[in-house]
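Peer 1: could you work out the structure for the sequence below:
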Amino acid sequence: MAVTDDLHAVADLIGDAFDIADIEVSDLLKASPFVNLLPMEEASNGTVHKYVKETGAPVVGFRAPNAGRDLDSSDDTAVTVDLKALDFTWQVDVLVAEAWRRGREAYIAREGLRHLKAALVKFEKQVINGTTGAGDAAGFAGFRQATTVDALADAMVVNAAGTTAATASSVWAVRIAPDGVCGVYKGPSGFELGETTVQQRVVDPGTDNKTFPTYYTPGFAWMGLQVGSAYDIGRIANVTADSGKGMTDALAYTLLSKFPVGFGPTHWLMSRRSVAQLRASRTATNATGAPAPFPTEIEGIPIVVTDAIADTEALLT
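Peer 2: From the prediction side, this is the model:
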């Protein structure tokens, strides 16, 4: 059955909370290109999101007339996602804000948008890395914690076989969809802004207790990640700079072969180093020897290049 949900995108949530123009939203999302594509679903119950996924198909079969057969049922598993608070609260010195040539409101807003941009980058890193590596231990679980792709023996993992410690990267194939990979937020608005107030700031509590006034603005969002099924993310692990262990089309097609019919990925995610390796491998294998163009897709599936994927991951075992 076709999925017809029309979920919010991150740009929708930001625009509603900050009352800013589309062009400003677009600029904010340039540093977080994957989050820009990610649909956002409101959590089922505040800071907790629960959903049910099918984990076993019913057994069916042919039978002869008047011959019985054992009936079966499908199997479901309840999944719980705990949202985590992403805090981008900011404050500015009253003295500086009042001196700003466009007025204090403009200065406060400028600083707020910069904090929001940093929060979106943090969110993208959390989605991919979760509580390890470039992610935040206080945040929610990400792709790298998914039990279907956290070991080389997992069915949805391909090993690029790099061996140099702490130089690895991962290439991800993901199915972005309301019933697949999507972000989760606490309703109703997602990104929350408090009222800007004047507060007293202590320079160095306990040492230098001098104070100055600041404009203080609370900002936060409760966020999480939904990965619908075992076939919504696949991983090429241990992609390194070792000779012959970089990203190639051959590795990509090996991973694609692991997706069952009906569960093909919608996007590839990779680091800048991995996409450069892919281009080099295409240059080395083309008929003319001319430099290959910058890779934008594999088998018609678009590539998203993101700095949220590091080239310093631990080797996956």
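
Peer 1: quick one: the helices in the stretch 151-300 of the chain, in order.
Peer 2: Assignment of helices within the stretch 151-300 of the chain using DSSP state H, counting those that start in this stretch yields the ranges 249-256, 272-285.

Peer 1: list the contacts of the last one.
Peer 2: Pointing back at helix 272-285 there. With contact meaning C-beta atoms under 8 Å, 6 or more residues apart in numbering, helix 272-285 is reached by 169, 171, 239, 241, 246-249, 270, 289-295, 298, 303, 305, 307, 309, 311. (Each C-beta comes from the backbone N, C-alpha and C, glycine too.)

Peer 1: returning to what we had before: worst mean pLDDT among the helices of the stretch 151-300 of the chain?
Peer 2: Mean pLDDT across those is lowest at helix 272-285; the value there is a mean of 95.

Peer 1: quick revisit: out of the helices of the stretch 151-300 of the chain, nearest to residue 32?
Peer 2: Each of those has some distance to residue 32 by C-beta to C-beta; the shortest is helix 272-285, at 14.7 Å.

Peer 1: how about the closest one as PDB, C-alpha atoms only?
Peer 2: What follows is helix 272-285, C-alpha atoms only, in PDB (Å, rounded to 0.1, in the frame of the first residue of the first chain):
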ATOM      1  CA  ARG A 272      33.900  14.100   1.000                       C
ATOM      2  CA  ARG A 273      36.800  11.600   1.000                       C
ATOM      3  CA  SER A 274      34.500   8.700   0.000                       C
ATOM      4  CA  VAL A 275      33.000  10.600  -2.900                       C
ATOM      5  CA  ALA A 276      36.500  11.600  -4.100                       C
ATOM      6  CA  GLN A 277      37.500   7.900  -3.900                       C
ATOM      7  CA  LEU A 278      34.400   7.000  -6.000                       C
ATOM      8  CA  ARG A 279      35.400   9.500  -8.600                       C
ATOM      9  CA  ALA A 280      39.000   8.200  -8.700                       C
ATOM     10  CA  SER A 281      37.700   4.600  -9.200                       C
ATOM     11  CA  ARG A 282      35.500   5.700 -12.100                       C
ATOM     12  CA  THR A 283      38.400   7.500 -13.700                       C
ATOM     13  CA  ALA A 284      40.600   4.400 -13.400                       C
ATOM     14  CA  THR A 285      38.000   2.200 -15.100                       C
END
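
Peer 1: what separates residue 278 from residue 248, distance-wise?
Peer 2: The span separating residue 278 from residue 248 equals 7 Å under the rule C-beta to C-beta, to the nearest Å.

Peer 1: pull the helix or strand with minimum mean pLDDT from this structure.
Peer 2: Least confident helix or strand, the chain: helix 22-29 with a mean of 67, by mean pLDDT, DSSP states H and E.

Peer 1: thinking again about what came up before, wait, which of the helices of the stretch 151-300 of the chain is closest to residue 132?
Peer 2: In terms of C-beta to C-beta, the element of those nearest to residue 132 is helix 272-285, at 18.8 Å.

Peer 1: count the residues that sit near residue 312.
Peer 2: Number of residues near residue 312 (other C-beta atoms under 10 Å) recorded here: 12.

Peer 1: try residue 71
Peer 2: As a burial measure, residue 71 scores 8 neighbours (other C-beta under 10 Å).

Peer 1: and residue 222, by the same measure?
Peer 2: By other C-beta under 10 Å, the residues close to residue 222 number 22.

Peer 1: bridging residues for it?
Peer 2: According to DSSP bridges, residue 85 are recorded as the beta-bridge partners of residue 222.

Peer 1: which residues sit in contact with it?
Peer 2: With C-beta under 8 Å, 6+ apart as the criterion, the residues that contact residue 222 are 43, 47, 83, 84, 85, 86, 185, 186.

Peer 1: separate out the buried members of those.
Peer 2: When these are checked for burial by 16 or more other C-beta atoms under 10 Å, the buried set is 43, 47, 83, 84, 86, 185, 186.
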